[in-house]
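# Predicted model and sequence below, questions to follow.
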Number of protein chains: 2
Amino acid sequence: MAKLEYNLDHIDYQILRIMQDNARTNNADIARELGMAPSAILERVKKLEQKEVILQYNAKINPQALDQKLLSFIFIKAQDIIGEQKVGLLLAEIPEVQEVHDIAGDDGYLVKVRTNDSAGLVDLMRNSLGRIDGIISTRTTIVLETVKEEQKLVIPTQK
Amino acid sequence: MAKLEYNLDHIDYQILRIMQDNARTNNADIARELGMAPSAILERVKKLEQKEVILQYNAKINPQALDQKLLSFIFIKAQDIIGEQKVGLLLAEIPEVQEVHDIAGDDGYLVKVRTNDSAGLVDLMRNSLGRIDGIISTRTTIVLETVKEEQKLVIPTQK
DNA sequence: CATATATTTTGAATATTATTCTGAAACCAT
DNA sequence: ATGGTTTCAGAATAATATTCAAAATATATG
């Protein structure tokens, strides 16, 4: 699935930088900015998608607007066989769960969850987490305020 | 800055659902899918942007392709005055830092960081974190494998 | 409940962009 | 160098974005 050779050059990096900043920038604008023909940019973008360098385009929606005001991180200890992630996959199926990371140390997962409020969180823990076998314990951390939240990667300047 | 009334209807939700799934879906396609005129969709999308319901459009780039293979979470205890977040703002300035959350409990921050490898992480902790005054202690959690990583919100079905 | 006012939608016209394709240029490996 | 491959530019065409006026819808107010 994942290619071993991505082989990106300076121009690809510039395209990625633009796209990472605004995924709806059109080919014509990118072409103008890079001093190239639109057709060439189109080719490159398609190739970046095919090579799975660009994984997807998404709109970042304001959680407030959908009344999802509470962000929490939950550490979950599980009795999973290492590398199997049976619990992890079940956690991933919960819509309110945005991230599931298998972490080193305590046979556990770190899970990022967004709910309406604390009642929604309790609800989720009781219903969704409650139904999953293999969870030994949980420890929840409430986010008071988010100072920064992006998924932008550091893109190399040089080729 | 943030509006108190977003007042979204069923159609807005549908647009958000489409956009959240693929931010490069064009107006014509959305219009076709919702059985409306492209100009009406354009109006709504513009309004969603103005009302800061849609915050931005970004391309999700494969960290592997940029050789950023290590994901870590760092808990940082700081001697910040509550609500001030002096340390938090400094943390947010570090490019490798994707997220900074002010968390309840231990006067601390939860920070999400992407680096090349463990050497890059050590480097970041020594250089970038090392320069920040007010950091009392850190505890680092290494991610072995990410099972899920999205920022999709649960969008209501009904109006 | 009716009417005035504001908002949203449509549909057509125009501007802009996306996409395709061909030949030229650049690149690579031998 | 030379043959083969990849990338690019430029033009032609298809499709989409954008604008705008009028119609339709929703909202507010007396």
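Here it is on my side, so go on.
# If you count neighbours, what's buried in the strand ranked longest in chain A?
Looking across chain A with DSSP state E, the single longest strand is strand A:135-149. Within strand A:135-149, the residues that count as buried by 16 or more other CB atoms under 10 Å in any protein chain shown are A:Ile135, A:Thr140, A:Thr141, A:Val143, A:Thr146, A:Val147, A:Lys148, A:Glu149. (C-beta placed from N, C-alpha, C; glycine too.)
# Wait, a helix at A:Asn127?
Yes - judged by DSSP: H, G, I helix; E, B strand; the rest coil, A:Asn127 forms part of a helix.
# A:Leu70 is in contact with A:Leu121, correct?
Yes - look at A:Leu121 against A:Leu70 with CB atoms under 8 Å: they come within range, at 6.0 Å.
# Between these two, which has more neighbouring residues?
A:Leu121 (20 against 17; other CB atoms under 10 Å in any protein chain shown).
# how about the more buried one, what does it touch?
Contacts for A:Leu121 (CB atoms under 8 Å, 6 or more residues apart in numbering or on different chains) come out as A:Leu70, A:Ser72, A:Val113, A:Thr115, A:Thr140.
# which one is A:Gln68 nearest to, not counting chain neighbours?
Of all residues not flanking A:Gln68 in the chain, A:Arg114 sits nearest, at 4.7 Å (CB to CB, 6 or more residues apart in numbering or on different chains).
# Which pLDDT value goes with the one you found?
pLDDT recorded at A:Arg114 is 98.
# what's the helix or strand for it?
Using DSSP states H and E, A:Arg114 maps to strand A:108-115.
# cool, and A:Val87?
helix A:86-92.
# counting contacts, what elements does that helix pack onto?
Contact here means 3 or more CB pairs under 8 Å, 6 or more residues apart in numbering or on different chains; DSSP states H and E; on that basis helix A:86-92 packs against strand A:70-78, strand A:97-103, strand A:108-115, strand B:135-149.
# what are the pairing partners of the last one, and which direction each?
Each strand that strand B:135-149 pairs with, and the sense of that pairing, follows from DSSP bridges: strand A:97-103 (antiparallel), strand B:70-78 (antiparallel).
# Just name the most buried of these.
Most buried of the strands paired with strand B:135-149, by mean neighbour count (mean count of other CB atoms under 10 Å in any protein chain shown): strand A:97-103, with a mean of 22.
# so which of the contacts of A:Leu121 are also by DNA strand D?
Residues of the contacts of A:Leu121 in contact with DNA strand D (CB under 7 Å from any atom of the strand): none.
# Let me know the closest of those residues to A:Gln85.
A:Val113 (17.7 Å; CB to CB).
# So A:Leu129 versus A:Ile94, what's the distance?
8 Å (CB to CB, to the nearest Å).
# quick one on the thing from earlier: now tabulate the contacts of A:Leu121 in JSON lines and tack on distance to B:Leu34.
Below are the contacts of A:Leu121 laid out as JSON lines (distance: CB to CB, whole Å):
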{"residue": "A:Leu70", "distance to B:Leu34": "31"}
{"residue": "A:Ser72", "distance to B:Leu34": "34"}
{"residue": "A:Val113", "distance to B:Leu34": "30"}
{"residue": "A:Thr115", "distance to B:Leu34": "28"}
{"residue": "A:Thr140", "distance to B:Leu34": "39"}
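# Out of these, which is nearest to A:Ile15?
Distances from A:Ile15 to these, taken by CB to CB, are shortest for A:Val113, at 33.6 Å.
# contacting residues for that closest one?
The neighbours of A:Val113, taking CB under 8 Å, 6+ apart as the test, are A:Leu71, A:Ser72, A:Phe73, A:Ile74, A:Ile94, A:Glu96, A:Val97, A:Gln98, A:Leu121, A:Leu124.
# Please report how far the fourth one lies from B:Thr115.
In this structure, A:Ile74 lies at 24 Å from B:Thr115, with CB to CB as the measure.
# Write out the residues of chain A neighbouring DNA strand D.
Within chain A, the positions near DNA strand D by CB under 7 Å from any atom of the strand are A:Ile11, A:Gly35, A:Met36, A:Ala37, A:Pro38, A:Ser39, A:Ala40, A:Glu43, A:Arg44, A:Lys47.
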